[in-house]
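Engineer: how does the following fold in three dimensions:
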Amino acid sequence: QVDVMESGGGLVQAGGSLELSCAASGNIFNIINMGWYRQAPGKQRELVASTFITTDSTNYADSVKGRFTISKDRAKNTVHLQMNSLKPEDTAVYYCKTTGYSRKGAGAMERFDAWGQGSQVTVSS
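Structural biologist: Alright, predicted model coming up:
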């Protein structure tokens, strides 16, 4: 079993900053990718930012480029999302997703996609 714990989030005025953190733990052989998604009321969940753990490759939604930065601590299976210049349209529940492989026994591995519980980010105008 893989657990994904999120922290951070909250209420901030437009133009302000917040940081989200996400840590994965449990039966992890290796992690391939960690990322942040968000879901606003009445909308589909969308990718905000993601990073491959073993390379410097990152991916951002166009709506957050230049404002959000994803960073990682490979040794701690942790990623952070620094959110600056926040806008009311950034208001959503933010979810951390971790993709990797777990040990399954007898030398086998199994791919997993694990999600955090979600963190509310509210930006007031």
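Engineer: give me phi/psi at Arg74?
Structural biologist: When read as degrees, to the nearest 10, the backbone of Arg74 gives phi -60, psi -40.
Engineer: residue contacts, it?
Structural biologist: Contacts for Arg74 (Cβ atoms under 8 Å, 6 or more residues apart in numbering) come out as 53-54. (Glycine included, C-beta is placed from N, CA and C.)
Engineer: can you check Phe52 too?
Structural biologist: Neighbouring residues of Phe52 by Cβ under 8 Å, 6+ apart: 32-33, 58.
Engineer: strands - which of the residues you listed land there?
Structural biologist: Judged by DSSP state E, strands contain the following of the contacts of Phe52: 32-33, 58.
Engineer: the residue nearest to Arg45 when sequence neighbours are not counted pairs with what?
Structural biologist: Of all residues not flanking Arg45 in the chain, Gln39 sits nearest, at 4.2 Å (Cβ to Cβ, 6 or more residues apart in numbering). In this structure, Gln39 bridges to Val93 when assessed by DSSP bridges.
Engineer: would you list every one of the strands in the protein?
Structural biologist: Counting by DSSP E, the strands of the chain are 2-8, 10-13, 18-26, 30-39, 46-52, 58-60, 68-73, 78-83, 92-105, 108-115, 119-124.
Engineer: show me what the last one is packed up against.
Structural biologist: With contacts defined as 3 or more Cβ pairs under 8 Å, 6 or more residues apart in numbering; DSSP states H and E, strand 119-124 has these neighbours: strand 2-8, strand 10-13, strand 18-26, strand 92-105.
Engineer: need the CA coordinates for the last one. CSV is fine.
Structural biologist: Written as CSV, here are the backbone C-alpha positions of strand 92-105 (Å, rounded to 0.1, in the frame of the first residue of the first chain):
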residue,chain,number,x,y,z
ALA,A,92,-10.0,24.4,-6.3
VAL,A,93,-9.2,21.3,-4.4
TYR,A,94,-5.6,20.3,-5.2
TYR,A,95,-4.7,16.6,-5.3
CYS,A,96,-1.2,15.0,-5.4
LYS,A,97,-0.8,12.0,-7.6
THR,A,98,2.2,9.6,-7.3
THR,A,99,3.1,7.0,-10.0
GLY,A,100,5.6,4.3,-9.5
TYR,A,101,6.2,0.6,-8.7
SER,A,102,5.6,-1.4,-5.6
ARG,A,103,7.1,-4.8,-4.6
LYS,A,104,4.6,-7.5,-5.1
GLY,A,105,6.6,-10.5,-3.7
